[in-house]
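[1] what would the 3D arrangement of this be:
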Amino acid sequence: MFKPKKQQQKTSCSDSGFTILESLVALLVAAILLAAIAPVLVISTATRVQARRVELASQAAKTFIDGIRSGAIAAPSQTISISASTESNARRVTSVTVPTSVTGKPGDYLVKSTTDDSVTKMALPISATGLYCFTRAGTITTTDCTNKSFEYYIQAARIAVTGSSANDGYRLAIRVYRADVDFTKTRTASTGETNKKTQNPYTGGLGDRQSPLLEMTTDIANTSTSFNALCQRLGVATNKGCS
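    You can find the predicted model right below:
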């Protein structure tokens, strides 16, 4: 006697899988989304990298200043001379009319690259010769920069009163350039209060490697520096002399 076999019930489902057309549409949508957010990702990454460059350049400048003050790093050989501030030839950043009329001399406090003799000037670097190198190990050297891994070039000069001695101190002018600056192409630097040429902390690309990441000045003195020396270099009150 034969037993009848039970027939298996067939299930129908219209969602058993994606068709090729649906897969292509999904890929197209994903590609459009990636294309839309790609510029944002690129700009965000470039900005983070540039901000990090500026931060490290600031750290390099601080390390350089500490080394100069402690004597671990030799002071720059280039000296920019300025006249001593006196009662009749006062030095101020901005002009004033009372109690005595004094013309402001912002150039005496800034690092400029112009050829005007009336302003403090530090010529643009034409080669790596004479520059300090901040290495990836955090050290600063003036020799063999091309044979070592380094992050930044540091250009420096002394701004001192004409006829002053070593104990009178000086103002240290600093520019920090990227290691990939091309000395065969035009370099730039600030030429005044309103014409700044330092790199922006944000960028949508590789940044301007021909411009300094940082420009700054700071005062270098020692225990033998007198108040009169500071007064002659930094400036005096509008109606008083240094003595």
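
[2] could you give the mean pLDDT of the longest strand seen in the chain?
    The longest strand of the chain (DSSP state E) is strand 150-161. Summarised as a single mean, pLDDT over strand 150-161 is 88.

[3] so what strands line up beside it?
    strand 79-82 (parallel), strand 132-135 (antiparallel), strand 170-178 (antiparallel) (DSSP bridges).

[4] need the helix or strand of this protein with the lowest average pLDDT.
    Between all helices and strands in the chain, the lowest mean by mean pLDDT, DSSP states H and E belongs to helix 227-234, at a mean of 82.

[5] relative orientation of it and strand 150-161 in degrees?
    Counting by axes from the mean of the first three to the mean of the last three Cα atoms, to 10 degrees, helix 227-234 lies at 110 degrees to strand 150-161.

[6] output the contacting helices and strands for helix 227-234.
    If contacts are counted by 3 or more Cβ pairs under 8 Å, 6 or more residues apart in numbering; DSSP states H and E, helix 227-234 sits against strand 150-161, strand 214-220. Where C-beta positions appear, they are placed from N, C-alpha and C, glycine not excepted.

[7] mind checking what secondary structure residue 207 has?
    Taking DSSP: H, G, I helix; E, B strand; the rest coil as the rule, one finds residue 207 in the coil state.

[8] I figured it hits residue 50, correct?
    Yes - using Cβ atoms under 8 Å, residue 207 is in contact with residue 50, at 5.2 Å.

[9] you'd agree residue 82 is up against residue 163?
    No - assessed by Cβ under 8 Å, residue 82 is found out of contact with residue 163, at 11.0 Å.
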